[in-house]
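1. 3D model of this:
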Amino acid sequence: MNSSRPALLLGCLLIVAMACNGQTQAGGAGSQAIAQATSATSAVPQLGAVVSPSVSTVTRKWNFDGDPIGGLPSGAQSFSGQWAVRAEPDAPSPPNALCQTGNADFPAIGLEDKPYIDLTLVAHFKPISGKTDQAAGLIFRVQDKGNYYILRANALEDNVIFFTYMNAQRSQLKAANAKVTPNTWHELRVEVRGNVFVGFLDGQQVVDSTDSRYKAGGIGLWTKSDSVTCFDDVDVTA
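-> Residues are numbered from 1 along each chain as shown. Okay, here's the model as predicted:
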């Protein structure tokens, strides 16, 4: 009986080893499958993940404080109306602002003719006076003085509207009601991605539209009729 104990013990050890070996192999296969699933899942972009841009962004700003009083901003081109830099003590970035004080169908000024495609264009504006209109606008994808898009806010009508301007003729794309207070500085912003345009007033999205006529173009500012309107802190990011 004593001689059989080593053999019995050896058999038990072999059984335990085989069982342990089987469990280890099964565990290895499961771990490999989990790793593969985790790897596959991690390859799918997750909502809220921050993705680095593939191209660098370009930002340019105009606050008009370094421009001579009574003149145009450096590099700007007046399309119509009477535009000039002047002192505005309450400007968002004092002391200067760019103001339009003339009377024309659609006073406009080009600030830069670089052909921007996708962009975010922001400006502060103050509608001061005007019997026919008290308007302020951003123009983008400017081809020339008679062809571009407009995002316009109006203190007499309390609305914000997207327009096309083709061959010096204005056509409405889409409008929305929004409170625009006279003699108060507001922020107007347009975000352009492909043929989709989104307009914001004082940080709130108010109107959106789509159009594919102009693919790229310059940027500038706009008013209407007898609007006396000042602009400050223009900012374009593309």
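
2. Domains in this protein, by residue range?
-> 1-39, 59-237 (automatic domain parsing).

3. Can you lay out those as TSV showing mean pLDDT?
-> As requested, the domains of the chain are arranged in TSV below (pLDDT from 0 to 100):
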stretch	mean pLDDT
domain 1-39	38
domain 59-237	98
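
4. Next, work out how far apart the residue nearest to residue 102 when sequence neighbours are not counted and residue 226 are.
-> Distances taken as Cβ to Cβ, 6 or more residues apart in numbering place residue 82 nearest to residue 102, at 2.9 Å, with adjacent residues excluded. The C-beta positions use only the backbone N, C-alpha and C, and glycine is treated the same way. As judged by Cβ to Cβ, to the nearest Å, residue 82 and residue 226 stand 11 Å apart.

5. So which of the two has more stuff around it?
-> Set residue 82 next to residue 226 and count neighbours by other Cβ atoms under 10 Å: residue 226 wins out with 17 against 13.

6. In this structure that one contacts residue 128, no?
-> No - using Cβ atoms under 8 Å, residue 226 is not in contact with residue 128; the gap is 11.0 Å.

7. ok, back up a step: residue contacts, the residue nearest to residue 102?
-> Shown in contact with residue 82 (Cβ atoms under 8 Å, 6 or more residues apart in numbering): 100-102, 107.

8. What is the most widely separated pair among those residues?
-> Within those, 101 and 107 form the most distant pair, 9.1 Å apart (Cβ to Cβ).

9. Those two: who's more crowded?
-> residue 107 (25 against 18).

10. Over to the more buried one: give its phi and psi.
-> phi -60, psi 130 (degrees, to the nearest 10).
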